[in-house]
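A.B. asks: I'll drop the sequence and a predicted model, then ask my questions.
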Amino acid sequence: MIITCKKGAPQSEIDKILHEFKAKGLEVNLITGTSYNVFGIVGDTTIIDDRRLMSNPWVENVTRVAAPYKKVNRLFHPEDTIVDVDGIKVGGHEKIVVIGGPCSVEGLDQICELAQDVKDAGGCMLRGGAYKPRTSPYAFQGLGSEGIMDMVEAKRRTGLPIVSEIMSENKIDEFVKYVDLIQVGARNMQNFELLKALGKIKKPILLKRGLSNTIEEWLMSAEYIMAGGNENVILCERGIRTFEKYTRNTLDLSVVQIVKKKTHLPIIIDPSHATGSWELVESMSLAAIAAGADGLIVEVHRNPECAWSDGQQCLKPDKFKAMIDKARAIAHVIGRDL
């Protein structure tokens, strides 16, 4: 529910309205502007009498929000959220971010070399999988804590913040200590216990859309995190499963503007998992920037043919740099920097 007070409403009246809602056990988010005050009410709003509210001479309007997500909803938070990832701002009109790195951390030398490649190309964060959710139990599952510590060393050498995927609640302490942007992968998008646990920390969360999930389901997963108190959420579209088999997934670029209309959260695109083919990564990256995405997360590997996982969708460092150079030109066309 959204309640808008009239311009010039005295603070005593605003406090009175606040107290009334809180006394009913409702959560109140007050948005103050230069000429208005808006209350975003979260909870069982069926107990609120709209007509009684409108009888208050200082209440301008009462709007019931049909969408099930509240904290994620732009109606509750008109301004763009900007998420700070170890000093790098994501969202709003900030610079478009490019995150690069291998699907899997394969060792200290590999990740440190790639971190330098990513930085030299113009990337601003390093991605790498240490805990890998694989379809086959016989596939490489990641180096675990060793991989995380390899990334920490790569950060020490290059200064790039690190992004890595969390698989379970029992790894949260490790990720809070060492990882700058905690990724929730597609397979865990509706792992509600994990989402609730991540809501209790303050580290930024990169929430990927599930394999076959609707936009509303995705936003409700973000709501789980934000309802717990962690408002540092970045959304990531990584393609959805359709009947098409030519690409690994189907990249839904329309979601960029849909998300920006419905929410205040930043959104980045993963063209690597979306297409499954390095030959398509550059074109989809440029299209994502043109569509208004706040960033990209791209897989990079020096020897993709020898990669321990997903080599077919990795760009080599020189192609990664060429992609960033072209993306920068597209960003300038739409009034953004990269």
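C.D. replies: Yep, it's here. Numbers count the residues shown, from 1 in each chain.
A.B. asks: What distance do you get for residue 266 to residue 224?
C.D. replies: 18 Å (C-beta to C-beta, to the nearest Å). Heads up, the C-betas are built off the backbone N, CA and C, glycines and all.
A.B. asks: for residue 254, same thing?
C.D. replies: Residue 254 sits 24 Å away from residue 224, going by C-beta to C-beta.
A.B. asks: Who has more neighbours out of those two?
C.D. replies: More crowded of residue 254 and residue 224, by other C-beta atoms under 10 Å: residue 224, with 25 against 11.
A.B. asks: tell me the contacts of that one?
C.D. replies: With contact taken as C-beta atoms under 8 Å, 6 or more residues apart in numbering, residue 224 is in contact with 192, 195, 196, 199.
A.B. asks: Ranking by neighbours, what's the top pick from the residues you listed?
C.D. replies: Most surrounded of the contacts of residue 224: other C-beta under 10 Å gives residue 195, at 25 neighbours.
A.B. asks: what sits against that one?
C.D. replies: Neighbour list for residue 195: 184, 221, 224, 225, 228 [criterion: C-beta under 8 Å, 6+ apart].
A.B. asks: Counting only helices, which of the residues you listed make the cut?
C.D. replies: Mapping the contacts of residue 195 onto helices (DSSP state H) picks out 221, 224, 225.
A.B. asks: Burial check on residue 78, number of neighbours?
C.D. replies: When neighbours are counted by other C-beta under 10 Å, residue 78 registers 10.
A.B. asks: So this structure: which segments form each domain?
C.D. replies: 2-63, 83-333 (automatic domain parsing).
A.B. asks: Span of the last one from start to end?
C.D. replies: Domain 83-333 has its terminal residues 24 Å apart, counting by C-alpha to C-alpha, to the nearest Å.
A.B. asks: and that domain, average pLDDT?
C.D. replies: What domain 83-333 shows for mean pLDDT is 97.
A.B. asks: so after whatever helix or strand residue 219 lives in, what's the next helix or strand?
C.D. replies: Secondary structure from DSSP states H and E places residue 219 in helix 215-227. The helix or strand immediately downstream of helix 215-227 is strand 233-237, counting by DSSP H and E.
A.B. asks: Show me what that following strand packs onto, helices and strands only.
C.D. replies: strand 205-208, helix 215-227, helix 254-262, strand 267-269 (3 or more C-beta pairs under 8 Å, 6 or more residues apart in numbering; DSSP states H and E).
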